[in-house]
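A.B. asks: sequence unknown, structure follows:
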Ligand SMILES: O=P(O)(O)O[C@H]1[C@@H](OP(=O)(O)O)[C@H](OP(=O)(O)O)[C@@H](OP(=O)(O)OP(=O)(O)O)[C@H](OP(=O)(O)O)[C@H]1OP(=O)(O)O
Ligand SMILES: Nc1ncnc2c1ncn2[C@@H]1O[C@H](COP(=O)(O)OP(=O)(O)OP(=O)(O)O)[C@@H](O)[C@H]1O
């Protein structure tokens, strides 16, 4: 019998090239009925009218109605590749870092400061202090909400002071890549709660983007940090991505992140410093490889998702068989 797999995401994501590649791989690996929920249906129709499925590939972006989708999952008992109940954790950089610390994944040292709380805040040229805790420049200022990408770096006196604003994608750069803008301003923002974290001087000015699928597979690419143009000659600038091998420790981090955040498809970012230490600085939840440099990821992703569907959807059926009293919603749609 065919397993019904549904994609529930905003149109930009469900119609994206990476998603099409995954769906193609899935069809190669198993006999599925794949349903892609339309954005209009997701936004406008009540969940009771949505098609039923056995497994769901769903994730947040933009106007995605999170609560509605959580209710759909609860109502239909379908198996979701990523646990949507963890999305609230992923929205909060503080929760992400505190969970990472608990599981022994290295993050930059950081302070959380409500910068409106002026009585507790001391601001000096080379450091800030809050409730008797001090952090020295250079440091990175990040809004507590992970959906807010307005990230600023504050430079130390030795570096010439001032700050650098990071831009995620910028029309100011010809190829729309990430970029940055330096300014003389050295005053932190006083309008909310921010994380202030130690600046990790990245080896060769590269970020590492990791794409984990399941507990045992992670693919990674490196790309120039958004503030690289400050350090590089325009002609040597190359933000294009390259495949990178992860260390054993980084693979262990990937496994722990997938387990702890209950995200079987999970992107996260690593910075490696000059001493070869790796820091996890961001967890994105569902994220597919966006570059076209490797088919390896998509092949593996298709295989692993196939295994996960079989494993988890049959589990659901077995559980249902055991608990005779339990009312099985949409029983007719549970296949092995
Ligand atoms: O996390 P993900 O996979 O959902 O994607 C993120 C982001 O990944 P990140 O968070 O790991 O940096 C992507 O950046 P990349 O690192 O892939 O380049 C970005 O793509 P982008 O720069 O526009 O590149 P192209 O799409 O033009 O190729 C994408 O923007 P959109 O798809 O345009 O909305 C973002 O989505 P969201 O968070 O919804 O804005
Ligand atoms: N502690 C740090 N030290 C040095 N650079 C940092 C640090 N934290 C972040 N950065 C730089 O800032 C960039 C953006 O940071 P981060 O990934 O936390 O932000 P984001 O807005 O969540 O980005 P994304 O687009 O991945 O969702 C990183 O890719 C990295 O180059």
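C.D. replies: Nice, I can see it. Not measured: the values here are computed from a predicted model. Numbers count the residues shown, from 1 in each chain. Ligands and ions are numbered 1, 2, ... in the order given.
A.B. asks: which residues touch residue 140?
C.D. replies: 108, 151, 152, 153, 154, 195, 196, 197, 198, 199 (CB atoms under 8 Å, 6 or more residues apart in numbering). No exception for glycine: its C-beta is placed from N, CA and C like everyone else's.
A.B. asks: the third one contacts residue 187, doesn't it?
C.D. replies: The reference is to residue 152. No: using CB atoms under 8 Å, residue 152 is not in contact with residue 187, being 10.5 Å away.
A.B. asks: which one's more surrounded, those two?
C.D. replies: residue 152 (20 against 9; other CB atoms under 10 Å).
A.B. asks: for ligand 1, see how far away that one is.
C.D. replies: Counting by CB to the nearest ligand atom, to the nearest Å, the gap from residue 152 to ligand 1 is 17 Å.
A.B. asks: list the contacts of the residue lying closest to that residue once chain neighbours are set aside.
C.D. replies: Spatial nearest neighbour of residue 152, excluding adjacent residues (CB to CB, 6 or more residues apart in numbering): residue 141 at 4.7 Å. Applying CB under 8 Å, 6+ apart to residue 141 gives the contacts 151, 152, 153, 154, 188, 189, 194, 195, 196.
A.B. asks: number of nearby residues for the third one?
C.D. replies: Residues lying near residue 153 (other CB under 10 Å) number 22.
A.B. asks: what's the answer for the last one, then?
C.D. replies: If you count neighbours by other CB under 10 Å, residue 196 ends up with 23.
A.B. asks: tell me the secondary structure of it, please.
C.D. replies: Classification of residue 196 by DSSP: H, G, I helix; E, B strand; the rest coil places it in strand.
A.B. asks: my guess is it contacts residue 136. True?
C.D. replies: No: using CB under 8 Å, residue 196 is not in contact with residue 136; the gap is 10.1 Å.
A.B. asks: so what's the residue nearest to residue 152 scoring on pLDDT?
C.D. replies: Looking at residue 141, its pLDDT is 98.
A.B. asks: who is it paired with across the strands?
C.D. replies: Applying DSSP bridges to residue 141 gives these bridge partners: residue 152, residue 196.
A.B. asks: and the one 4 residues further on, by the same measure?
C.D. replies: With beta bridges defined as DSSP bridges, residue 145 has these partners: residue 92.
A.B. asks: show me the contacts for it.
C.D. replies: Applying CB under 8 Å, 6+ apart, the residues near residue 145 are 91, 92, 93.
A.B. asks: run a quick neighbour tally on the first one.
C.D. replies: What that stands for is residue 91. Around residue 91 there are 17 residues (other CB under 10 Å).
A.B. asks: got it, and the second one?
C.D. replies: Applying other CB under 10 Å, we find 15 residues neighbouring residue 92.
A.B. asks: same check, this time on the one 3 residues further on
C.D. replies: Around residue 95 there are 17 other residues, counting by other CB under 10 Å.
A.B. asks: give the helix, strand or coil label for it.
C.D. replies: helix.
A.B. asks: quick one: it and residue 146, what's the gap?
C.D. replies: Separation of residue 95 from residue 146 (CB to CB, to the nearest Å): 9 Å.
A.B. asks: follow-up on the earlier one: just curious, which of the contacts of residue 145 is nearest to residue 288?
C.D. replies: Checking those against residue 288 by CB to CB gives residue 91 as the nearest, at 19.8 Å.
A.B. asks: does the closest one touch residue 144 like I think?
C.D. replies: No: between residue 91 and residue 144 no contact is recorded; they are 9.1 Å apart, counting by CB under 8 Å.
A.B. asks: wait, residue 9 sits on residue 58?
C.D. replies: Yes: Residue 9 lies in contact with residue 58 (CB under 8 Å); the separation is 6.2 Å.
A.B. asks: so what's residue 56 up against?
C.D. replies: Each residue near residue 56 by CB under 8 Å, 6+ apart is listed here: 5, 6, 7, 8, 73, 78, 79, 80, 81.
A.B. asks: 7 Å - rerun?
C.D. replies: Residues in contact with residue 56 (CB atoms under 7 Å, 6 or more residues apart in numbering) are 6, 8, 73, 78, 79, 80, 81.
A.B. asks: let's verify it: helix, strand, or coil?
C.D. replies: Per three-state DSSP, the secondary structure class of residue 56 is strand.
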